[in-house]
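Visitor: Give me a model of this one.
(one chain, ligands or ions: 1)
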Amino acid sequence: MTYQTDRLRDLVAAELGRARDRTTLLTEAVDDGDLTRQHSPLMSPLVWDLAHVGNQEELWLVRDVGGREPVRRDIDELYDAFKHARSNRPALPLLGPGEARKYVATVRDKVLDVLDHAPLEGSPLVDRAFAFGMIVQHEQQHDETMLATHQLRAGAPVLNAPPPPAPAAPVTGEVLIPAGPFTMGTSTEAWALDNERPAHQADVPAYWIDRAAVTNAEYAAFIEAGGYDDPHWWSTAGWDHRQAAGLTAPQHWQRDGDGWLATQFGRTTRITGEEPVVHVCYHEAEAYAAWAGKRLPTEAEWEKAARWDPATGRSRRFPWGDDPPTAAHANLGQAHLRPAAAGAFPAGASPLGVHQLIGDTWEWTSTDFHPYPGFTAFPYREYSEVFFGPDYKVLRGGSFGTDQAACRGTFRNWDYPIRRQIFSGFRCARTA
Ligand SMILES: [Fe+2]
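Guide: You can find the predicted model right below:
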């Protein structure tokens with residue numbers, strides 16, 4: 001047990017370090033002006049995310065788990081995401097870049113000491129290092145948010161990464177998923193968040209699901225066919241939004257003669273037809289699917305395609321099995337700064353041959369964000385419960401900007417159906 005606990009402490013320390021390395025990369029890639037500026041009213045200044053990451057770490061690990069004295073109780077209110085809308089955060093008396101870096105480093109030093117001494121079993125908060133895992137995921141989630149802020153930032157490119165691998169063989173078409181119950185959600189995943197719990201049976205009628213996400217070329221065909229001009233393909237709310245927001249193409253696209261250019265992290269190039277479309281809102285995804293004679297998958301359909309193993313009937317942690325992702329399985333963790341074409345990760349396919357459910361782009365589902373049967377808010381209501389209801393749609397699978405610590409077959413993300421500054425795409429399904 002001691003050996004296992006020591007291994008768990010080492011794992012937690014490594015995961016905390018990996019998250020901090022990424023935060024450091026994202027916040028040191030720009031100058032102080034770009035750190036404190038607001039690049040979009042939808043986003044916080046990067047320097048707010050930085051100190052907020054440290055503040056959450058202080059609240060949960062230094063004070064709650066560690067029972068230590070506060071580092072900076074005076075700034076709690078500034079970094080409470082529920083107290084200040086993102087658009088108002090630049091006007092707050094935030095810590096400057098130097099102060100924020102010093103603060104997060106001080107908190108981290110204390111947390112590593114807490115980690116050396118805290119019990120990692122017993123209460124649900126510390127059992128199997130849950131609170132540490134929650135904080136690792138929180139920092140990685142903010143890193144993805146900061147990456148989205150980088151995408152909205154104007155100016156010369158500052159982030160670099162190699163292109164994703166090319167497809168081994170192209171992946172097209174659909175797969176039939178037979179009717180029947182499967183286990184959705186989890187009661188055993190150590191660092192699963194409250195909204196992923198508990199495991200329960202979900203019964204899904206037979207359906208077809210696309211083996212790959214909708215590509216830029218496919219989406220461009222929808223535009224060329226007048227998809228943005230025909231309310232027939234759009235829901236009432238979707239058409240209203242399309243009109244009000246003046247949507248004509250995915251965010252960051254611009255016309256270039258007969259084709260399209262897209263800007264990614266300060267670099268503008270012609271779109272790559274085979275890559276998944278990204279930066280579309282729910283309404284756009286829904287309209288495309290209708291035009292294509294299909295629909296978006298429900299959340300249960302997405303998860304069954306990603307986890308259900310027809311040979312054993314059990315649900316896997318990931319499409320490829322229970323092992324954590326490697327670079328061969330999925331495009332995750334900002335290793336590449338764009339989604340990969342379908343077929344680039346054959347080792348990550350599901351048993352039935354559905355590809356790249358994990359990584360590349362978040363995938364819109366048609367399901368509103370609701371609790372699973374038996375849901376219990378943990379460790380606080382504001383993590384998930386206050387967001388349940390018809391205002392949010394569930395997205396699944398993670399993007400190229402999602403770290404593996406915050407991505408698994410059960411992981412649920414949610415956002416407003418009009419949002420597209422996130423790395424969102426989709427795949428289609430249809431009833432069999
Ligand atoms: Fe947060």
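Visitor: What sits closest to residue 56 if chain neighbours are left out?
Guide: The shortest distance from residue 56 to any residue other than its chain neighbours is 5.5 Å, reached at residue 138 (C-beta to C-beta, 6 or more residues apart in numbering). C-beta here means a position set from N, CA and C on the backbone, and glycine is covered the same way.
Visitor: Check whether that neighbour really touches residue 54, as I assumed.
Guide: No: the pair formed by residue 138 and residue 54 falls short of the contact definition of C-beta atoms under 8 Å, at 10.7 Å.
Visitor: Looking at these two, which is more packed in?
Guide: More neighbours surround residue 54 than the other of residue 138 and residue 54, with 29 against 20 (other C-beta atoms under 10 Å).
Visitor: you'd agree that one is up against residue 104?
Guide: Yes: Residue 54 is in contact with residue 104 according to C-beta under 8 Å; the separation is 3.5 Å.
Visitor: Run through the residues that contact the residue nearest to residue 29 when sequence neighbours are not counted.
Guide: The shortest distance from residue 29 to any residue other than its chain neighbours is 4.3 Å, reached at residue 158 (C-beta to C-beta, 6+ apart). When contacts are counted by C-beta atoms under 8 Å, 6 or more residues apart in numbering, residue 158 touches 29, 30, 150, 265, 266.
Visitor: Roughly how far does the closest residue to residue 162 other than its chain neighbours sit from residue 270?
Guide: For residue 162, ignoring the flanking residues on the chain, the nearest one in space by C-beta to C-beta, 6+ apart is residue 336 at 6.4 Å. Separation of residue 336 from residue 270 (C-beta to C-beta, to the nearest Å): 18 Å.
Visitor: separation between the residue nearest to residue 29 and residue 339?
Guide: If you go by C-beta to C-beta, the gap between residue 158 and residue 339 works out to 20 Å.
Visitor: ditto for residue 289
Guide: When residue 289 is compared with residue 339 (using C-beta to C-beta), they lie 18 Å apart.
Visitor: Residue 329 is in contact with residue 345, isn't it?
Guide: Yes: Residue 329 lies in contact with residue 345 (C-beta under 8 Å); the separation is 6.0 Å.
Visitor: shared neighbours, these two?
Guide: The overlap between the contact sets of residue 329 and residue 345 (C-beta under 8 Å, 6+ apart) consists of residue 359.
Visitor: neighbour count winner among the two?
Guide: Comparing residue 329 with residue 345 by neighbour count (other C-beta under 10 Å), the higher total belongs to residue 345, at 29 against 22.
Visitor: Now do the contacts for that one.
Guide: Taking C-beta under 8 Å, 6+ apart as the test, what residue 345 contacts is 165, 328, 329, 330, 331, 355, 356, 359.
Visitor: Can I get the buried ones among those residues as something I can paste into ChimeraX?
Guide: Only the buried entries of these go into this ChimeraX selection, using 16 or more other C-beta atoms under 10 Å:
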select :329,330,331,355,356,359
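Visitor: so where do the strands sit in the stretch 151-300 of the chain?
Guide: Secondary structure of the stretch 151-300 of the chain (DSSP state E, counting those that start in this stretch): strands located at 174-177, 180-184, 200-204, 207-210, 253-256, 259-264, 267-270.
Visitor: now for the second one, which elements pack on it?
Guide: Packing contacts for strand 180-184, counted by 3 or more C-beta pairs under 8 Å, 6 or more residues apart in numbering; DSSP states H and E, involve strand 200-204, helix 299-307.
Visitor: Mean pLDDT, mean neighbour count and distance to residue 111 for the ones you listed - can I get that in JSON lines?
Guide: Output for those, formatted as JSON lines (pLDDT from 0 to 100; neighbours: other C-beta atoms under 10 Å; distance: least, C-beta to C-beta, whole Å):
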{"stretch": "strand 200-204", "mean pLDDT": "97", "mean neighbour count": "15", "distance to residue 111": "34"}
{"stretch": "helix 299-307", "mean pLDDT": "98", "mean neighbour count": "24", "distance to residue 111": "33"}
